[in-house]
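In: Predicted model and sequence below, questions to follow.
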Amino acid sequence: MGSEARATIFTWRVLLSLFLALFVLEPMLIWGNLTFGLAFGFVQWGAQAFYGVVSSTIIIIILAEVSRYSERPLSKQELFAITIVDRVLGLAVLFQSIPWVYYFVKSPSRISFGIKPPEWWAPSSAIMLVDNGVRTLIHPAWMPVLSVILFVVIVSMIMEMSLGYLFFRVRVIEEKLEFPVQSAFVAALTTLGEAADPAFKKQYRIFIFSLLTGLILGIFNSLGLLSVSMYDLNYVIENMFPGASLAIYPLGFFQGLIIPWYVTVTMAIGALSLYFFGNHILVIKGIWRHVPPSPGLILRGWTRGMQTADAIYYSTLNFWVSVIFGFAMALGILPVLLSPKALARAFKLKGESKITSGWSLFTLFASCAILSAIVISLLTGYPLPPLIFLTLIMSFILSYVWTGLLGITGYTPVNIPYLKEAVLVLGAGGNAPISIWFASPLMFTDLIPVSNASGWTGTFLQCYQLGVKFRDYITLYVIATMAAIVVGIVMYSIYWSFAPIPSALYPGLTAWENEVINRATWIKIYSSYNIFKWNLVVAGFIAGAALFLGGFFLKIPWLAPSILAGMTVNNIAYAGLIPQAIGSIIRYIILPRIYGAKGEELTNAAYLFYSGVMMGFSIWAVVFVALQFVPKALWVLPY
């Protein structure tokens, strides 16, 4: 597929789709978040959250069907380019951090805690400007904060692209991992792009059937005719297994159709070993217990009635984050030591230009990582070495590990919970300057880039399979990103000028006062708390090393990554693991007999069914959100 003629993605239909998304959907997204809260537009289904406003799915389906009857149907390359909509509009809420800065400074809770934000984060001239009624981001007073935010956005983008392309060569070209979720989406776009070809008639029928299945499931769920919600079973098992967590999300079944059964079963074993059996042992041994009055941010112990989401979250922060960190380090270090040839060849490969050679990519990544660490160190007065450890070393190791997880299991965590905070505490010996917390994720202005390049590795795989030039995709993405940033700054300035954020006009962010209290509590109480427990870090490293070595010598390289994927799941993905394992077993045992096909044909059918169901539900998500959005939006009208 990578050898096909590469069609251009710079067509008027792609540009029109992006234009409509940036100038219609982005303002709608921003206003919806201000009015309805950060959850505006999201519809949870399985382990995925569909955004009903900015989903590119409905744009793709409509344009593909309309153009199919024209003289020039949309190509699969054009369809893929339209998905940039989903990627860049995530930046729409980036500049919500500016009203947050002002709100934090003026909060009575912040004042009562006696926390003084640094001048670079909350310039006094900017605060005075808003006090005088000038609420806008487009003013020199806000330039210091905006400049730092934009600097980090650009640097992070370069770091992730560089590592993503480098690890594309390792994971795709050298190791030939499948990346099942990304490959399933490629199968769907290929089928839509080639729907007019009689050779794709059978694939098109499978896709349409699965699309309608997802659409019907979404409708039935919304109407209450069929519940596909997560079933939390903690209340059933807590007497027999105190501390253990168990939940079922039936829709995890569909992702199991595209993942090997041995991977899904191993993921379930990894997750259950921590959050079911591990948590149970911690509780019955009195290690993880509730000692009133127990603070709620980190040190909360297990209590009867605790739901799966809370049990996983607090047990991870108290114990498993250390094990996960050690395990991930083993999987990031040992493969390079025992089998360095794949990575070495990726470094030696020459790309389309000098900048895409392996060493050039790494140099570009390292330069951006070190530069960002230097800037944050100068701004906050925090020691430079721990920042370089985060931006350079951890970015490389975790991106290497996460791309492996995504390529094998179809799942990758966003990050290791509280990794940055733990390193910042350790790096300063428990006495970190207060200004560093305003550069951390704690304050909604995360200015310390620890890259997760797995998303870009998957994107480059899709470009490769669909015949899209990497350079073209990156160019279009950068243009769309810059445009989304400009639109975001302008729209937040306009909306903020109408009324304060939050206010009666923008009630969606009224929870900010609670957020101020939580973050002020962290700075005052927990900023010297050592999250990592080094005995558990060592135990995790040993376990990861043992499983990796076992898989290495037994020729089952998926073993350790599958265990780690199970260990890092959130509550939604955890609940979907058992149905996912059932789905994968059915795919490998029952589907070949029903479908009458094996090998690549069966895999492609499974890809189409999974992607079709996901896209079908995404279409319903758009309709569902629209039905909620329109009547609720009318309240701001004068009548």
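Out: Looks like it arrived, so ask away. Residues are numbered from 1 along each chain as shown.
In: The nearest residue to residue 388 once chain neighbours are set aside and residue 150: what is the separation?
Out: Nearest in space to residue 388, with sequence neighbours left out and distances taken as Cβ to Cβ, 6 or more residues apart in numbering, is residue 373 at 4.6 Å. (C-beta placed from N, C-alpha, C; glycine too.) The gap separating residue 373 from residue 150 is 17 Å, by Cβ to Cβ, to the nearest Å.
In: Tell me which of the two has more neighbours.
Out: residue 373 (22 against 16; other Cβ atoms under 10 Å).
In: Please verify my assumption that that one contacts residue 393.
Out: No. Counting by Cβ atoms under 8 Å, residue 373 stays clear of residue 393, with 10.6 Å between them.
In: any idea where the helices of the stretch 151-300 of the chain begin and end?
Out: Using DSSP state H, counting those that start in this stretch, the helices of the stretch 151-300 of the chain run over residues 180-193, 201-223, 234-237, 252-256, 261-272, 279-284.
In: who wins for proximity to residue 524 among those helices?
Out: The closest of the helices of the stretch 151-300 of the chain to residue 524 is helix 279-284. By Cβ to Cβ, the value is 27.8 Å.
In: elements contacting the following helix or strand past the closest one?
Out: Remark: after helix 279-284, the chain's next helix or strand is helix 308-315, criterion DSSP states H and E. Helices and strands touching helix 308-315, by 3 or more Cβ pairs under 8 Å, 6 or more residues apart in numbering; DSSP states H and E, are helix 279-284, helix 571-575.
In: Return the residues in contact with residue 412.
Out: 402-403, 405-406, 452, 454, 565 (Cβ atoms under 8 Å, 6 or more residues apart in numbering).
In: In terms of secondary structure, what does the helix or strand hosting residue 367 contact?
Out: Taking DSSP H and E as the definition, residue 367 sits inside helix 358-380. Counting contacts by 3+ Cβ pairs under 8 Å, 6+ apart, helix 358-380 is packed against helix 143-168, helix 341-348, helix 384-388, helix 395-409.
In: Pull out the buried positions in the longest helix along the chain.
Out: If each helix of the chain is counted by residues according to DSSP state H, the longest one is helix 599-633. Buried residues in helix 599-633, defined by neighbour count with 16 or more other Cβ atoms under 10 Å: 602-622, 624-625, 628-629.
In: And stretch 281-291, by the same measure?
Out: 282-283, 288.
In: Could you single out the nearest of the residues you listed to residue 587?
Out: When the buried residues of stretch 281-291 are compared for distance to residue 587 (Cβ to Cβ), residue 282 wins out at 35.1 Å.
In: thought the closest one was touching residue 315?
Out: Yes. Counting by Cβ under 8 Å, residue 282 sits close enough to residue 315 to count as a contact (6.9 Å).
In: one step back: can you tell me which of the helices of the stretch 151-300 of the chain is most buried?
Out: Of all the helices of the stretch 151-300 of the chain, helix 252-256 carries the top mean neighbour count, a mean of 26, counting by mean count of other Cβ atoms under 10 Å.
In: quick one: stretch 451-458 to chain centroid distance?
Out: 10 Å (Cα atoms, centre = their mean, to the nearest Å).
In: With just CA atoms, put that stretch into CSV.
Out: In CSV, the C-alpha atoms belonging to stretch 451-458 read as follows (Å, rounded to 0.1, in the frame of the first residue of the first chain):
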residue,chain,number,x,y,z
SER,A,451,6.0,13.8,24.5
ASN,A,452,3.7,10.8,23.6
ALA,A,453,4.6,10.2,20.0
SER,A,454,2.4,7.2,19.6
GLY,A,455,-0.4,9.2,18.0
TRP,A,456,1.9,10.5,15.3
THR,A,457,3.4,7.1,14.7
GLY,A,458,-0.1,5.8,14.0
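In: Report the central residue of the chain.
Out: Geometric centre of the chain, nearest residue: residue 414, 4.7 Å, by Cα atoms, centre = their mean.
In: Phi, psi for it please.
Out: phi -70, psi -40 (degrees, to the nearest 10).
In: Just the pLDDT at it, thanks.
Out: pLDDT, residue 414: 74.
In: dump the residue contacts of it.
Out: Here residue 414 is in contact with residue 452 (Cβ under 8 Å, 6+ apart).
In: Numbering from 197 from now on, please.
Out: That works, and once the first residue is 197, the last one we named lands at residue 610.
In: and the gap between it and residue 675?
Out: Counting by Cβ to Cβ - residue 610 and residue 675 are separated by 26 Å.
In: now residue 573
Out: Note on residue 573: its distance to residue 675, by Cβ to Cβ, is 32 Å.
In: ok, now residue 467?
Out: For residue 467, the distance to residue 675 (Cβ to Cβ) stands at 41 Å.
In: And residue 478, by the same measure?
Out: In terms of Cβ to Cβ, residue 478 sits 50 Å off from residue 675.
In: Equivalent analysis for residue 683, please.
Out: Taking Cβ to Cβ, one finds residue 683 at 13 Å from residue 675.
In: Specify which residue of these two has the higher count of neighbours.
Out: Using other Cβ under 10 Å, the more surrounded residue of residue 683 and residue 675 is residue 683, with 20 against 15.
In: Let me see the contact set for the more buried one.
Out: Applying Cβ under 8 Å, 6+ apart to residue 683 gives the contacts 218-219, 222-223, 288.
In: which SS state does it fall under?
Out: helix (DSSP: H, G, I helix; E, B strand; the rest coil).
In: in the stretch 247-396 of the chain, what spans have low per-residue confidence?
Out: Scanning the stretch 247-396 of the chain for pLDDT under 70 picks out the ranges 247-251, 392.
In: quick one: which two of the contacts of residue 683 are the most distant?
Out: Taking Cβ to Cβ, the two most distant members of the contacts of residue 683 are 219 and 288; they sit 11.9 Å apart.
In: which of those two has more neighbours?
Out: More crowded of residue 219 and residue 288, by other Cβ under 10 Å: residue 288, with 25 against 12.
In: There's contact between the more buried one and residue 227 in this structure, I believe.
Out: No. Counting by Cβ under 8 Å, residue 288 sits too far from residue 227 to count as a contact (10.1 Å).
In: where does this protein have its least confident helix or strand?
Out: strand 244-247 (a mean of 44; mean pLDDT, DSSP states H and E).
In: Contacts only, for residue 756.
Out: Counting by Cβ under 8 Å, 6+ apart, residue 756 touches 523, 526-527, 740, 743-744, 746-747.
In: Tell me if it really is in a helix.
Out: Yes. Judged by three-state DSSP, residue 756 forms part of a helix.
In: Give me the neighbour count for residue 208.
Out: The tally of other residues near residue 208 (other Cβ under 10 Å) stands at 8.
In: Could you report the separation of it from residue 594?
Out: Using Cβ to Cβ, one gets 40 Å for the distance from residue 208 to residue 594.
In: what do you get for residue 669?
Out: According to Cβ to Cβ, residue 669 stands 24 Å off from residue 594.
In: In terms of neighbours, single out the busier of those two.
Out: Using other Cβ under 10 Å, the more surrounded residue of residue 669 and residue 594 is residue 594, with 27 against 20.
In: my guess is that one contacts residue 612, does it?
Out: Yes. Between residue 594 and residue 612 there is a contact under Cβ under 8 Å: 7.3 Å.
In: Give the residues shared as contacts by those two.
Out: Joint contacts of residue 594 and residue 612 (Cβ under 8 Å, 6+ apart) are residue 524.
In: For stretch 695-703, list the C-alpha coordinates in CSV.
Out: Extracted in CSV, the C-alpha atoms of stretch 695-703 (Å, rounded to 0.1, in the frame of the first residue of the first chain):
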residue,chain,number,x,y,z
ALA,A,695,-19.2,38.7,30.0
PRO,A,696,-16.8,37.4,32.6
ILE,A,697,-15.8,33.8,32.6
PRO,A,698,-17.5,32.1,34.4
SER,A,699,-20.7,34.1,34.8
ALA,A,700,-24.4,33.8,34.3
LEU,A,701,-23.8,33.8,30.5
TYR,A,702,-21.1,31.2,30.8
PRO,A,703,-22.2,28.8,33.7
